[in-house]
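Colleague: below is the structure, and that's it, no one-letter string:
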């Protein structure tokens, strides 16, 4: 019996598969069992791979002879339902209201997983001999940083080979404009602490003799940006891939209104960076951001001390082809070089992630070695976008980081086709998460016809 | 019967007169009663003035005919005894060990109060007709900022008039070098908060478009000092009285070893300010210090946000003749002028205090209108210091602020003779607070002979 997207999604939502909360472990196992059964019902060879936390479902359809191979990624875990009091419906009981279905995970990522399962199911029912190898990897730890994913990739890398990866865990700006995510920023995170006097000092008795660690911190941090908004760390931009004209064009076609964007963010103004609009900067430029700062007295009123310490957390978003280890070293060395004598400095390094970029075909910067099956899939995506959604897809680099996409590239040598089925109004991670029934329906047709086309070598 | 300094101090220490803790209210009343009885026993007309918190003891000895008037200040409240586990003796049971007496308040300020009471008692026993008016003001709220003191000064200002104020609530560097505090820094405190986006933003999706409030904060704060360490606020130094050569000389005579000072503070180096040594800067220069800073994520690991807000607490130590209201306005206006467009700014003003300065006689900058009784008292102090402690007194401006000294100047028009009886090793405010028996003994002789001299018009 074919899998129906809406019914599959309803069942998936009914399992509270919150990966971060161990009390929901049984629900994660139920979700895993349901996925295994569903994939077996459409004749996939299916296995649940145990990890230290939540299992990864791997399923495979192999055909005889030469055929392209599409590897499909999704995740079955969800964000916590809190704050529960802000939900209008029960978060773990999928509810259709108007043209949307509500429930935790309805969008992220159970809706798209149900769409792909239904598309594959329908396709194989109609064309049981379709010359296409299909592999699924459905994990249960995406919302907690996928700690088990990379080791499993390493272990099963021969079994997971293919032509490209297909995933629908990204967004499109509007329901008439499909966005394909063609790039993701990398990241490097660390913090440093400046130590001055061995204890907080009386600012009257000692003020003037001692370098205040907060002053040292503001001086160092001020030096990390130039007047034009760029990062003032020697070598920081050395490996940055420039933004292409066609990329600026895609962004313009997206048609985001800066005034509305400003209102949405609630900011009095934008950050100005030389040669880049605010929207370009979030996608095509690296950043150096302060994520937190602290030191001294933070309570009510005044406490007239020279604090003993001051600390700041820094993260840099990186673009292709910046190496996060190299950038972390550069920034840390620069800060060390600029640290004044009156304080000592201590660094704590945190996680790094590499930026990802895939360039669709027929662009000035399309690499010669772009997988031809993926190249065809890009073209098909364009054609299907035009036909089903009214416009060709836009190929956008995004500002965020999805480390597993880069892991898949590095370990499996697979580039990704990331088709955005989320809409801004889905409110994923928030109360009253929902998924558009229109995107569900059109998305299913799109995936079905995309895979048909890939199989046919169109 | 004459009052004995050691016995008086032992009784005073036995009352846990911690002004900040309402459970000790009965002990404060006991201390007040003991002081009233003691002063009455030496025939002072004594009154305990009720306040909203702890009473102020006012006592008076009036003589017939013209005579100089010395107003004596002290306080009978103490700091909390915490951390109690670090005390080697019971904090509220005075214990003599070696050449010191241990107990909370032994130094600050019960020891010096006992010394003055004993000196006055002995003096009046020996010279019952001494031509000298004496007034005591002993408050119970010094350790909590003297909230009732100024209103009482205002109300009783006719009764509290005199030639000068005598207090022993300051320190000397060594037991063979009496320091007279001739100046205190003023202060102005405020904080500001920068608001960027209306909530914390994902640093990937929005990083590059939005001005990070922590970046705005480090830029503004960096601008508040010049490269040479001076404060970069237009007009900040306009009213600053220069440091005189004789003041630099006094400081040199104090003979503080910079290496030892650095070791004591535990700092890797000093703050360099143009034209001033670290020790000069703490006494003769105004400062702009950061007392606390906070914003964004401060927990373990990383949280890749652009924080919505960032805040900093600032205090400026001021020197004569800087007006704290004027300086607060100048600094706040400068910060407003330098606030970038991408954030909004909010100020919270905190307390202000005016700097104090009295110049002893025969200096190039001695004012013509220095009270002649005080001028004589300064000279006597020098002579007595030489005789009793081996060296003439040093007249030092101190870096801290004692707002009541300025209130006394403004309301009663009294300058102060502040004779330091504390030594660095007393550890006031800390566990195992103690007072030197040598300073007690010599201090009593000094006060006795000083008052004798003042009465004689020496």
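Modeller: Great, that's in hand. A quick note: this is a predicted structure, and the numbers were derived from the prediction, not measured. Numbering: from 1, shown residues only, chains lettered A, B, ... in the order given.
Colleague: which residue sits closest to the residue most central in space within chain A, ignoring its sequence neighbours?
Modeller: Central residue of chain A (Cα atoms, centre = their mean): residue A:402, 3.5 Å from the mean position. Nearest residue to residue A:402, sequence neighbours excluded (Cβ to Cβ, 6 or more residues apart in numbering or on different chains): residue A:184, at 5.3 Å. Glycine gets a C-beta too; all of them are placed from N, C-alpha and C.
Colleague: okay, now the unreliable bits of chain A?
Modeller: Residues of chain A that meet the criterion pLDDT under 70 lie in A:1, A:458.
Colleague: what segments of it are helices?
Modeller: For chain A, the helices defined by DSSP state H occupy A:5-14, A:25-41, A:110-126, A:149-155, A:213-222, A:245-254, A:258-265, A:278-284, A:324-338, A:372-389, A:403-412, A:437-456.
Colleague: so which bits of the stretch 351-458 of chain A are right by chain B?
Modeller: The stretch 351-458 of chain A comes close to chain B at residues A:351, A:398, A:399, A:400, A:401, as judged by Cβ under 8 Å from any Cβ of the partner chain.
Colleague: so the third one sits against residue A:282, correct?
Modeller: This points to residue A:399. Yes. Here residue A:399 reaches residue A:282: they are 4.1 Å apart, a contact under Cβ atoms under 8 Å.
Colleague: list the residues that contact both of those two?
Modeller: The contact sets of residue A:399 and residue A:282 overlap at B:205, B:206, B:207, B:208 (Cβ atoms under 8 Å, 6 or more residues apart in numbering or on different chains).
Colleague: from those, which are also near chain A?
Modeller: Near chain A, judged by Cβ under 8 Å from any Cβ, the entries from the shared contacts of residue A:399 and residue A:282 are B:205, B:206, B:207, B:208.
Colleague: I figured the first one hits residue A:400, correct?
Modeller: Which is residue B:205. Yes. Here residue B:205 reaches residue A:400: they are 5.3 Å apart, a contact under Cβ under 8 Å.
Colleague: contacting residues for the residue nearest to residue A:10 when sequence neighbours are not counted?
Modeller: Distances taken as Cβ to Cβ, 6+ apart put residue A:94 closest to residue A:10, at 4.2 Å, once the chain neighbours are dropped. Neighbour list for residue A:94: A:9, A:10, A:13, A:14, A:101, A:102, A:103, A:106 [criterion: Cβ under 8 Å, 6+ apart].
Colleague: separation between residue A:94 and residue A:385?
Modeller: From residue A:94 across to residue A:385, the span is 27 Å (Cβ to Cβ, to the nearest Å).
Colleague: ditto for residue A:433
Modeller: Between residue A:433 and residue A:385 the distance, using Cβ to Cβ, works out to 25 Å.
Colleague: just the closest of the shared contacts of residue A:399 and residue A:282 to residue B:53, please.
Modeller: residue B:206 (50.6 Å; Cβ to Cβ).
Colleague: correct me, but that closest one touches residue A:265?
Modeller: Yes. The criterion here is Cβ under 8 Å, and residue B:206 meets it with residue A:265 at 6.9 Å.
Colleague: please indicate which of the contacts of residue A:94 has the highest neighbour count?
Modeller: Of all these, residue A:106 has the most neighbours under the rule other Cβ atoms under 10 Å in any protein chain shown, reaching 30 neighbours.
Colleague: not counting sequence-adjacent ones, nearest residue to residue A:118?
Modeller: Residue A:118 sits nearest to residue A:5 (Cβ to Cβ, 6+ apart), 3.7 Å away.
Colleague: thought residue A:440 was touching that neighbour, still the case?
Modeller: Yes. Look at residue A:5 against residue A:440 with Cβ under 8 Å: they come within range, at 5.5 Å.
Colleague: and the end-to-end length of stretch A:86-101?
Modeller: Stretch A:86-101 has an end-to-end distance of 17 Å (Cα to Cα, to the nearest Å).
Colleague: name the residues of it that are buried.
Modeller: Buried positions in stretch A:86-101, judged by neighbour count with 16 or more other Cβ atoms under 10 Å in any protein chain shown: A:87, A:89, A:91, A:92, A:94, A:95, A:100, A:101.
Colleague: how near is residue A:400 to residue B:203?
Modeller: For residue A:400 relative to residue B:203 (Cβ to Cβ), the value is 9 Å.
Colleague: returning to that earlier point: overlap in contacts, residue B:206 and residue A:265.
Modeller: Here residue B:206 and residue A:265 have residue B:197 as joint contacts, going by Cβ under 8 Å, 6+ apart.
Colleague: pull the contacting residues for the residue nearest to residue A:118.
Modeller: A:114, A:115, A:117, A:118, A:119, A:440, A:441, A:444.
Colleague: for the stretch 301-450 of chain A, which residue gets nearest to chain B?
Modeller: residue A:400 (3.3 Å; Cβ to the nearest Cβ).
Colleague: wait, that residue touches residue B:202, no?
Modeller: Yes. Using Cβ under 8 Å, residue A:400 makes contact with residue B:202 at a distance of 6.6 Å.
Colleague: closest to residue A:221 out of the shared contacts of residue A:399 and residue A:282?
Modeller: Nearest member of the shared contacts of residue A:399 and residue A:282 to residue A:221, counting by Cβ to Cβ, is residue B:207, at 15.9 Å.
Colleague: now the closest one. Nearest residue, chain neighbours left out?
Modeller: Counting by Cβ to Cβ, 6+ apart, residue A:287 is the residue found nearest to residue B:207 once chain neighbours are left out, at 4.3 Å.
Colleague: please report how far that neighbour lies from residue B:133.
Modeller: Counting by Cβ to Cβ - residue A:287 and residue B:133 are separated by 72 Å.
Colleague: who has more neighbours, those two?
Modeller: Between residue A:287 and residue B:133, counting by other Cβ under 10 Å, residue A:287 is the more crowded of the two (28 against 19).
Colleague: which residues are in contact with that one?
Modeller: Residue A:287 neighbours (Cβ under 8 Å, 6+ apart): A:231, A:281, A:316, A:317, B:203, B:207, B:208.
Colleague: which phi and psi does it have?
Modeller: phi -130, psi 160 (degrees, to the nearest 10).
Colleague: would you mind measuring from it to residue B:308?
Modeller: As judged by Cβ to Cβ, residue A:287 and residue B:308 stand 17 Å apart.
Colleague: just the strands in the stretch 151-300 of chain A please.
Modeller: For the stretch 151-300 of chain A, the strands defined by DSSP state E, counting those that start in this stretch occupy A:164-167, A:179-184, A:186-195, A:201-202, A:289-296.
Colleague: save the ones you listed as JSON lines, and put in mean neighbour count too.
Modeller: Shown next, in JSON lines, are the strands of the stretch 151-300 of chain A (neighbours: other Cβ atoms under 10 Å in any protein chain shown):
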{"stretch": "strand A:164-167", "mean neighbour count": "24"}
{"stretch": "strand A:179-184", "mean neighbour count": "25"}
{"stretch": "strand A:186-195", "mean neighbour count": "23"}
{"stretch": "strand A:201-202", "mean neighbour count": "18"}
{"stretch": "strand A:289-296", "mean neighbour count": "25"}
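Colleague: turn these into TSV, columns for distance to residue B:19.
Modeller: Formatted as TSV, these follow (distance: least, Cβ to Cβ, whole Å):
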stretch	distance to residue B:19
strand A:164-167	67
strand A:179-184	60
strand A:186-195	34
strand A:201-202	19
strand A:289-296	25
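Colleague: hmm, residue A:2 and residue A:125 touching each other?
Modeller: Yes. Applying Cβ under 8 Å as the test, residue A:125 and residue A:2 come out as touching, 5.0 Å apart.
Colleague: sorry, back to before: touching, the residue nearest to residue A:402 and residue A:408? I think so.
Modeller: No. Residue A:184 is not in contact with residue A:408 according to Cβ under 8 Å; the separation is 11.6 Å.
Colleague: if we can go back for a sec, between residue B:206 and residue A:265, who's got more neighbours?
Modeller: The neighbour comparison of residue B:206 against residue A:265 (other Cβ under 10 Å) goes to residue B:206, with 24 against 19.
Colleague: contacts only, for that one.
Modeller: Residues near residue B:206 by Cβ under 8 Å, 6+ apart: A:265, A:282, A:399, B:197, B:306.
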